[in-house]
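Participant: with the input below, show me the fold.
(one chain, ligands or ions: 1)
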Amino acid sequence: MPAPPTDYELYLRVPELLSLQKRPEQLACPDELLFQVVHQSAELWMKLIDHELGRAATLLDRDDLGEVAVLLRRVHAVQNLLLDGMETLYTLSSADYMRIRAVLGRGSGQESPGFRRMLAAPGELWPHFESLLERQGLTLTEIYREPRRFPSVYAVAEGLIELDLRLQEWRNRHILLVYRTIGVGTPSLKGKHSELLERGLRTQFFPALWQVRDELFAEWTAEHPNGAEYTLVSPNSTR
Ligand code: HEM
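Facilitator: Numbering: from 1, shown residues only. Down below sits the predicted model:
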C-alpha cells in the first residue's frame, strides 16, 4: 500500500502538480522536462505578479504607500525569477529545441495567459497612481525635480519604473534566447519572429515615467545653454 499523502503534499497539491509534466518515457528529448518546468513555473509567477499588482491598485486607492512599495519590491523579485528561468534555457541545444518544437503543435508564447496579464496589468494600475497624484495635488515633474520632498510617492513611482524596466529586460533576454536557440531569420510558428518580437521591445509600460526624465533634462538644457561647464578647483583652494 502506498504511504498516505502528508499534510505538506495535501496542502500544496504536490501529486497533481507533479503530474502536470510529461513522464520520462513521453518526453521528446530529456531536455523537454526543463522546457515544460520553466514555462509552467513562469505561468505561476506571472499569476502571482498579476495578483500583487491588483492588490497594489487597492492599496494606492487607500494611500497606503508603504505597503505598495513592499508589494512592488516583491514583484521585482519575482520578475528576477522569470529572468533566471530563461537563463536555464541557455543550456538547451538548438537540436533538442527542434525536437520539442515538433511536439508543440501551433503553441506559441504569444498565447500565454500570464504574459497577456503582464501586458495589461501596468495600464490598469496606472490610473490608480494618477488618482493618488491628483489627491496629493502633485505632478510627476514636481516629484522628480525634488524627490526628497516626496519620498513615499517617489518610491512608488520608482517601483513602477522598475517593474517596467524588468518587463523590458524580460523581452530583451527572451529575444536573445530566441536568437540563440533558433537564429535570427528563421520563420517561427506565427511568421517572422524577429519582426514581431522587436516591435515588442519598443513598448514602454508607464510612458509618463519615461517622459518625465526627458522633461527634467529639457529643463536642465534650457538652464545650461552652453552645456556642462566645469570649474577647476585647486586642492589648496579655500572655496
Ligand atoms: C528555447 C526557448 C524559447 C524559444 C526558442 C522561444 C521562441 C519564441 C518565439 C519564436 C516567439 C515569437 C512568437 C512565435 O512565433 O511564436 C516567442 C514569443 C513568446 N515567448 Fe518564447 N521562446 C522560448 C522561451 C520562452 C519562455 C521561457 C517563455 C516564458 C514564459 C516564453 C514566452 C513567450 C512569450 C510571452 C512570447 C510573446 C512575446 C511578446 O509578445 O513580446 N518563451 N517565443
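Participant: packing partners of the helix or strand harbouring residue 119?
Facilitator: Using DSSP states H and E, residue 119 sits in helix 113-136. Judged by 3 or more C-beta pairs under 8 Å, 6 or more residues apart in numbering; DSSP states H and E, helix 113-136 is in contact with helix 32-61, helix 151-182. From N, CA and C alone the C-beta is placed, and that goes for glycine too.
Participant: what about the last one, near the ligand?
Facilitator: Yes - applying C-beta under 6 Å from any ligand atom, one finds that helix 151-182 is in contact with the ligand at 171, 174, 177-178, 181-182.
Participant: re the thing from before, as TSV, the helices and strands packed on helix 113-136 with mean neighbour count and distance to residue 91 would be great.
Facilitator: TSV is the format used below for the helices and strands packed on helix 113-136 (neighbours: other C-beta atoms under 10 Å; distance: least, C-beta to C-beta, whole Å):
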stretch	mean neighbour count	distance to residue 91
helix 32-61	17	8
helix 151-182	18	11
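Participant: what does the pLDDT read for residue 83?
Facilitator: Per-residue pLDDT puts residue 83 at 97.
Participant: if I pick it, what's in contact with it?
Facilitator: 166, 169-170, 173 (C-beta atoms under 8 Å, 6 or more residues apart in numbering).
Participant: now the chain against the ligand: closest residue?
Facilitator: residue 109 (2.0 Å; C-beta to the nearest ligand atom).
Participant: residue 215: which element?
Facilitator: helix 207-223.
Participant: give me the residues contacting that helix.
Facilitator: Residues contacting helix 207-223 (C-beta under 8 Å, 6+ apart): 126, 140-141, 144-145, 157, 160-161, 164, 204.
Participant: kindly report the residues of the protein close to the ligand.
Facilitator: So far as C-beta under 6 Å from any ligand atom goes, the chain lies against the ligand at 38-39, 42, 85-86, 89, 92, 97, 108-110, 112, 115, 171, 174, 177-178, 181-182, 188-190, 193, 196-197, 200.
Participant: quick revisit: a markdown table for the helices and strands packed on helix 113-136, including mean pLDDT and distance to residue 216?
Facilitator: Below are the helices and strands packed on helix 113-136 laid out as a markdown table (pLDDT from 0 to 100; distance: least, C-beta to C-beta, whole Å):
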| stretch | mean pLDDT | distance to residue 216 |
| --- | --- | --- |
| helix 32-61 | 98 | 24 |
| helix 151-182 | 97 | 13 |
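Participant: so which of these comes closest to residue 11?
Facilitator: Closest approach to residue 11 among the helices and strands packed on helix 113-136 (C-beta to C-beta): helix 32-61, 15.8 Å.
Participant: roughly how far out does the helix or strand following that closest one sit from the chain middle?
Facilitator: The C-terminal neighbour of helix 32-61 among helices and strands, as given by DSSP H and E, is helix 65-88. On the basis of C-alpha atoms, centre = their mean, to the nearest Å, helix 65-88 sits 8 Å off its chain's mean C-alpha point.
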